[in-house]
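# Whatever this is, show me its structure:
(one chain, ligands or ions: 5)
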Amino acid sequence: MLKGFVLFTFLTALVQAATTANYTGVEVTKNNGTDAKGSILYIFRSQWKQRKIDFTIRDHLVETGYNVTFADQTEDVSLTEDHDLVVISATIRSRDFPSIDYKDIEVPILTWENDILDDLRYTGKCKNTDFGEGDDEHYIQLVNYPHPISAGVESGVAAIFTTDSEVGFGKPGLGADVIGIRPGTPNEALIFSYEEGATMDYDFLAPARRVFFGMGNLSFNNLTDTGLAIFDAAVDYAAGVTDKYNI
Ligand SMILES: *[C@@H]1O[C@H](CO)[C@@H](O)[C@H](O)[C@H]1NC(C)=O
Ligand SMILES: *[C@@H]1O[C@H](CO)[C@@H](O)[C@H](O)[C@H]1NC(C)=O
Ligand SMILES: *[C@@H]1O[C@H](CO)[C@@H](O)[C@H](O)[C@H]1NC(C)=O
Ligand SMILES: *[C@@H]1O[C@H](CO)[C@@H](O)[C@H](O)[C@H]1NC(C)=O
Ligand SMILES: *[C@@H]1O[C@H](CO)[C@@H](O)[C@H](O)[C@H]1NC(C)=O
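Residues are numbered from 1 along each chain as shown. Ligands and ions are numbered 1, 2, ... in the order given. Modelled structure (predicted):
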């Protein structure tokens, strides 16, 4: 009986350790300043050992003109309301993250985690077909040059990573703008977006802009200058700083 109780307490502690926010050592808000382009809520897994990558990406977003506030993946979705863009890092643990709560938010979303694309209604539900990942991609085939997310890089194959890196892909719905695919693989889009009101999965309409830039937890470190330019353009588009009908 006592043994059972000890085991129960231990398991409860384990579960809590797996799901509780830990902001120790995290600078929760970092602002660009009064002229900031916009305000980003950055969702990550605050107690995960790889969170350093989120500090790196956050610092980059601040340097490129944004105010950024971190939120652990367990925080309430209502936090998103005060921001211009919600960024969801691949460091979230998808099975603990309530992605379903985020699909309807009227704030734009940019994510690089493929495992939540179905819940967010970016794609259908079939893993490895509608969405999935690969671990050795170096190149992207850009297919939508005039779109602002292409960052002025002409259509064709471009190196977006300096070395083979983890990527995520999705097979987007009918209203998507596909920006780039795995070379020669049209059903595996690495970067795509939806304008507000465009049809996403099946008949789901985008409540606000939705952007996917498929990367693994640490792939950001491996972006080439071209890759970083496209990433920045994806952020600016998602945040509404650029507009596809006015380029
Ligand atoms: C919270 O994170 C800090 C820094 O990574 C770590 O030293 C500390 O042990 C963590 N605390 C808990 C309760 O996980
Ligand atoms: C960014 O933060 C500064 C304070 O540091 C504030 O004055 C400004 O209004 C914020 N801008 C946005 C877009 O949130
Ligand atoms: C704010 O963003 C601009 C780019 O828009 C950048 O030049 C500047 O260094 C940034 N400031 C800070 C404090 O990061
Ligand atoms: C990415 O981070 C998540 C933490 O939520 C972890 O579960 C996953 O194993 C990590 N992936 C890799 C390849 O390290
Ligand atoms: C490149 O990306 C992989 C994962 O995609 C990561 O393990 C590795 O640390 C990255 N390399 C650098 C230099 O950050």
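# The helix or strand that Val87 is a member of pairs with which strands, and in what direction?
Using DSSP states H and E, Val87 maps to strand 85-88. Looking at strand 85-88 with DSSP bridges, its partner strands are strand 38-44 (parallel), strand 109-111 (parallel).
# Format those strands as TSV; extra columns: mean neighbour count and distance to Thr224.
(C-beta placed from N, C-alpha, C; glycine too.) Compiled in TSV, the strands paired with strand 85-88 are given as follows (neighbours: other Cβ atoms under 10 Å; distance: least, Cβ to Cβ, whole Å):
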stretch	mean neighbour count	distance to Thr224
strand 38-44	23	23
strand 109-111	25	19
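# closest one to His147 among those strands?
Of all these, strand 109-111 sits nearest to His147, with 14.8 Å by Cβ to Cβ.
# As JSON lines, the strands paired with strand 85-88 with mean pLDDT would be great.
Below are these laid out as JSON lines (pLDDT from 0 to 100):
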{"stretch": "strand 38-44", "mean pLDDT": "98"}
{"stretch": "strand 109-111", "mean pLDDT": "98"}
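# Flag every residue of this structure that's near ligand 1.
For the chain, the residues in contact with ligand 1 (Cβ under 6 Å from any ligand atom) are 22, 24-25, 47.
# And Phe161, how close does it get to ligand 2?
Going from Phe161 to ligand 2 by Cβ to the nearest ligand atom, to the nearest Å gives 31 Å.
# Nearest spatial neighbour of that residue, chain-adjacent residues omitted?
Asn222 (4.5 Å; Cβ to Cβ, 6 or more residues apart in numbering).
# Can you report phi and psi for the one you found?
phi -100, psi 0 (degrees, to the nearest 10).
# Contact partners for it?
161-163, 165 (Cβ atoms under 8 Å, 6 or more residues apart in numbering).
# cool, and Val62?
Val62 touches 30-32, 68, counting by Cβ under 8 Å, 6+ apart.
# Shouldn't it be within a helix?
Yes. The assignment for Val62 (DSSP: H, G, I helix; E, B strand; the rest coil) places it in a helix.
# Can you give me the distance of the closest residue to ligand 5 within the chain to ligand 4?
The nearest approach of the chain to ligand 5 comes at Asn221, 2.9 Å away (Cβ to the nearest ligand atom). Using Cβ to the nearest ligand atom, Asn221 is found at 13 Å from ligand 4.
# before we move on, what about Asn31?
Here Asn31 is placed at a distance of 26 Å from ligand 4 (Cβ to the nearest ligand atom).
# Same question for Thr69.
20 Å.
# That residue contacts Glu27, doesn't it?
No. Assessed by Cβ atoms under 8 Å, Thr69 is found out of contact with Glu27, at 10.1 Å.
# Who has more neighbours out of those two?
More crowded of Thr69 and Glu27, by other Cβ atoms under 10 Å: Thr69, with 17 against 11.
# Report the angle between the helix or strand containing that one and strand 38-44.
Assigned by DSSP H and E, Thr69 belongs to strand 66-72. Counting by axes from the mean of the first three to the mean of the last three Cα atoms, to 10 degrees, strand 66-72 points 30 degrees away from the direction of strand 38-44.
# any low-confidence regions in the protein?
Where the chain drops to pLDDT under 70, the residues are 1-18, 246-247.
# Contacts for the longest strand seen in the chain, please.
Looking across the chain with DSSP state E, the single longest strand is strand 185-194. Contact with strand 185-194 is made by 122, 129, 132, 137, 140, 147, 149, 167-173, 175-182, 200, 206, 209-214, 230, 234, 237-238, as judged by Cβ under 8 Å, 6+ apart.
# beta partners of the most centrally placed residue in the chain?
Compute the mean C-alpha point of the chain, and by Cα atoms, centre = their mean the closest residue is Thr111, 1.3 Å away. Beta-bridge pairing for Thr111 (DSSP bridges): Ile88, Phe212.
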